[in-house]
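S.K.: Structure for this input, please:
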Amino acid sequence: MRAVRDAFHEVHDNIRKLIQGLDAEALNWKPHPEANSIAVLVTHTLGSEREMLAAVNSVRIPRDRASEFKVEAVGNQLNTLLDQADVWLDDQVGAMSAEDLSADRPRGDRPPRPGLVWLLTNYGHAREHLAQMELTKQLYSTRS
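M.R.: Take a look at the predicted model:
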């Protein structure tokens, strides 16, 4: 379980480094009208992670996925979300058992899958969005 916790903490730390020093304009900028801002990508990534960790532990939590794509970051909001995600991650991973990893778990409206599958696919999801955040930051820095 330590590897799972450490992997997600690494994603959180990389997001912190990426957003450090960015102002609200940079965090909320979209490279295309149908693309997502860094603020949206962070919020969505952490929302998905939170829901997934709860599902692996057979806990149902409310999630308004659609609202994650409408956020605009202000101030230190994203760092606060990351801090909360760190606490949730530690609590949820600390409560996981070997059975949680092998047992089929429902998640939202999706069919049940083994907990380990949810963990792996969500980690991949987080890394994909981290790459999108990095590209968005690069595009923002080169805009005319």
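S.K.: Double-check Glu134 against Ile19; I have them as touching.
M.R.: No. Counting by Cβ atoms under 8 Å, Glu134 stays clear of Ile19, with 10.8 Å between them. Heads up, the C-betas are built off the backbone N, CA and C, glycines and all.
S.K.: So which of the two has more stuff around it?
M.R.: Using other Cβ atoms under 10 Å as the criterion, Glu134 and Ile19 rank with Ile19 on top: 20 against 14.
S.K.: residues contacting the more buried one?
M.R.: Residues in contact with Ile19 (Cβ atoms under 8 Å, 6 or more residues apart in numbering) are Leu27, Ile38, Val42, Leu78, Asn79, Met133.
S.K.: Reformat the residues you listed as JSON lines; add pLDDT and distance to Val117.
M.R.: Formatted as JSON lines, these follow (pLDDT from 0 to 100; distance: Cβ to Cβ, whole Å):
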{"residue": "Leu27", "pLDDT": "98", "distance to Val117": "32"}
{"residue": "Ile38", "pLDDT": "98", "distance to Val117": "28"}
{"residue": "Val42", "pLDDT": "98", "distance to Val117": "24"}
{"residue": "Leu78", "pLDDT": "97", "distance to Val117": "28"}
{"residue": "Asn79", "pLDDT": "97", "distance to Val117": "30"}
{"residue": "Met133", "pLDDT": "98", "distance to Val117": "25"}
